[in-house]
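1. give the three-dimensional model of this entry:
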Amino acid sequence: MPLYSRDKVPLLLKAVQGGDIAPVYLLFGERYLCQQTARSLERILVAGGGTVHPVDGDSEDPATTLANLRSFSLLPGRQVFRVSDTRLFHSRNVAETLWKKAVTAFEAQKKEQAARALRAMFEAAGLDADAPDSDPAGLSETAWRELFGFARPGGDLAWIGEALAAGRPAPARSSDRGGDPAERLLDTLAAGIPGSNTLLLLAETVDKRKRLFKVLKKEYVVVDLSVDSGAGAKAQKAQKSVLLEIIGQTLAEMGKSMAPATMDLLVERVGFHPVAARMETEKLALSVGERQRIEKEDLDAIVGRTRQEALFELTGAIGARDLERALLIASRLQENNIHALAIIATLRNYTRSLLLFRALQEQADSGFRASMTAAAFQQQCLPRLKERQQWKKELQGHPYALYMQFKTAAAFPLAVLRRWMHLLLAAEMRLKGSPLKADTILHHLLLSMLAGEK
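-> Prediction:
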């Protein structure tokens, strides 16, 4: 059977509605899209009667799931067994992807999500996340690579224990014994299951080299709902397409409309968070009452970017030399009533940090190289730098964050950063004593900093 991509999901749903029903469906990729597609499948599968049996993959007993799948149910209609966050496709090859998900979730204060990704990573390496001797923070570089298949990240890893403690402990799974669950599922499918039973497997990350994946792709139905999470133009375009589709569907369901420019602004404010896109759209639709069209004023009143998030995006755009995005964010900041002087102050502090870190790199004994890894920076450079008491406060941050700031600073010559300080001072003086509009002054500043860099 073919592997369905995200844009082919309507064809899949049409085939299922026409009676072409497979015993097993694997949906993998972006979590919200998997859940949304599963719900659409379930509605069709049980339209003529039946029951959906949800199973949490984190606490699943695979033997019980297989027993239910093999059995003829006393309940009428089709029996759909949906296993969310299935662990059947985890292996050491996906450990690094799971680690990145855990780091991202923890930094966003989503500790339950971070704990789920960490537990999956531990299990892929054959570890028990709740065992006292499984704490990876104390692992050497060699031991970490042997267990997880990628280099040990730099920085203090004590947060792993904090994340696991905050997350929900995985219940004991007494029936996991008896061989590889993936192989047992293949044996069960080969022996045949009742025609009224259907298995839905949902996973964010899969190892496509596993035999189970290859068999499901060849003989059953696999749906790839992955969305590139990168920052490149192609990835950004794909992410925006997904968000616009979600917003459009939500508006249609609630009988509302929104101008394309307003939808673009909503996408920019929520970022690539599909659940947030739907929730914020629903919030907007409810806020306008009987009115059918949602205007920009409604968006400004209901969906605002936090000052910290927006200012951080502006400095990020400058660090990446992305002039177009920097100009756009500066305009959005003013639209959200963030004073131009506050923006200047943020840029001045950011430039001072870059100037300091670039000056430290110029000193021969710093040992910093733009090509060095985060681990090497923490082990070789940071101890030397922290010996300088006058910069103790500036070097108190997380080692990895400091490493990224040093990397950014390395891309800008000292002369450029010094020039930025003069430009910032001139812009501040214009804001305080010139009749020019604030957005004109800010745009001129950003153009002078980036377009006029050479």
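
2. strands of the protein, start to end?
-> 3-5, 24-29, 50-56, 78-84, 197-203, 221-225, 257-258, 293-294 (DSSP state E).

3. ok, now which ones touch the nearest residue to residue 293 once chain neighbours are set aside?
-> Of all residues not flanking residue 293 in the chain, residue 257 sits nearest, at 5.1 Å (C-beta to C-beta, 6 or more residues apart in numbering). Every residue, glycine included, has its C-beta placed from N, CA and C. Neighbouring residues of residue 257 by C-beta atoms under 8 Å, 6 or more residues apart in numbering: 251, 292-294.

4. check residue 240 too.
-> residue 267.

5. on that earlier part again, and the strands of the chain: which comes nearest residue 403?
-> strand 24-29 (30.5 Å; C-beta to C-beta).

6. which regions of the stretch 201-350 of the chain sit below the pLDDT cut-off?
-> Residues of the stretch 201-350 of the chain that meet the criterion pLDDT under 70 lie in 230-232, 304-310, 335-337.

7. hmm, 90 instead?
-> Counting by pLDDT under 90, the stretch 201-350 of the chain shows low-confidence ranges at 204-212, 227-240, 264-277, 279-280, 283, 287-288, 290, 296-346, 349-350.

8. please, where are all the helices along it?
-> 211-219, 233-253, 260-270, 274-287, 296-302, 307-319, 323-335, 340-362 (DSSP state H, counting those that start in this stretch).

9. mind putting the strands of the chain into CSV with distance to residue 38?
-> Listed next are those as CSV, based on distance: least, C-beta to C-beta, whole Å:
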stretch, distance to residue 38
strand 3-5, 13
strand 24-29, 6
strand 50-56, 9
strand 78-84, 6
strand 197-203, 6
strand 221-225, 9
strand 257-258, 27
strand 293-294, 29
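
10. so which of those is nearest residue 326?
-> Among those, strand 257-258 sits nearest to residue 326 (C-beta to C-beta), with 26.3 Å.

11. what pairs with the closest one, parallel or antiparallel?
-> Sheet pairing for strand 257-258, assigned by DSSP bridges, gives strand 293-294 (parallel).

12. name the residues that touch the strand it pairs with?
-> Contacts of strand 293-294 (C-beta under 8 Å, 6+ apart): 251, 256-259, 262, 284-285, 288.

13. which two of those have the greatest separation?
-> 259 and 285 (14.4 Å).

14. of these two, give the one with the bigger neighbour count.
-> residue 285 (21 against 12; other C-beta atoms under 10 Å).

15. I'd assumed residue 252 was in contact with the more buried one.
-> No. In this structure, residue 285 is not within contact of residue 252 by C-beta atoms under 8 Å, at 10.4 Å.

16. out of the contacts of residue 257, who's the most crowded?
-> residue 294 (23 neighbours).

17. any idea how far it is from residue 282?
-> 11 Å (C-beta to C-beta, to the nearest Å).

18. got it, and residue 120?
-> 30 Å.

19. likewise for residue 28?
-> For residue 28 relative to residue 282 (C-beta to C-beta), the value is 26 Å.

20. just residue 228 next, same as before
-> When residue 228 is compared with residue 282 (using C-beta to C-beta), they lie 26 Å apart.

21. residue 89: how many residues sit nearby?
-> If you count neighbours by other C-beta under 10 Å, residue 89 ends up with 22.

22. that one against residue 204, yeah?
-> No. Using C-beta under 8 Å, residue 89 is not in contact with residue 204, being 9.8 Å away.

23. touching both of the two, which residues are there?
-> With C-beta under 8 Å, 6+ apart, residue 89 and residue 204 have common neighbours residue 28.

24. could you list the buried residues of stretch 239-259?
-> 239, 242-244, 246-247, 250-251, 256, 258 (16 or more other C-beta atoms under 10 Å).

25. pull the most distant pair out of these.
-> Among the buried residues of stretch 239-259, 239 and 256 lie farthest apart (C-beta to C-beta), at 22.9 Å.

26. neighbour count winner among residue 28 and residue 282?
-> A direct count of neighbours by other C-beta under 10 Å for residue 28 and residue 282 places residue 28 higher, at 22 against 15.

27. surely that one touches residue 89?
-> Yes. Judged on C-beta under 8 Å, residue 28 makes contact with residue 89 at a distance of 7.3 Å.

28. overlap of the contact sets of those two?
-> 203, 205-206.

29. closest one of the residues you listed to residue 405?
-> Out of the shared contacts of residue 28 and residue 89, the member with the shortest distance to residue 405 (by C-beta to C-beta) is residue 205, at 29.8 Å.
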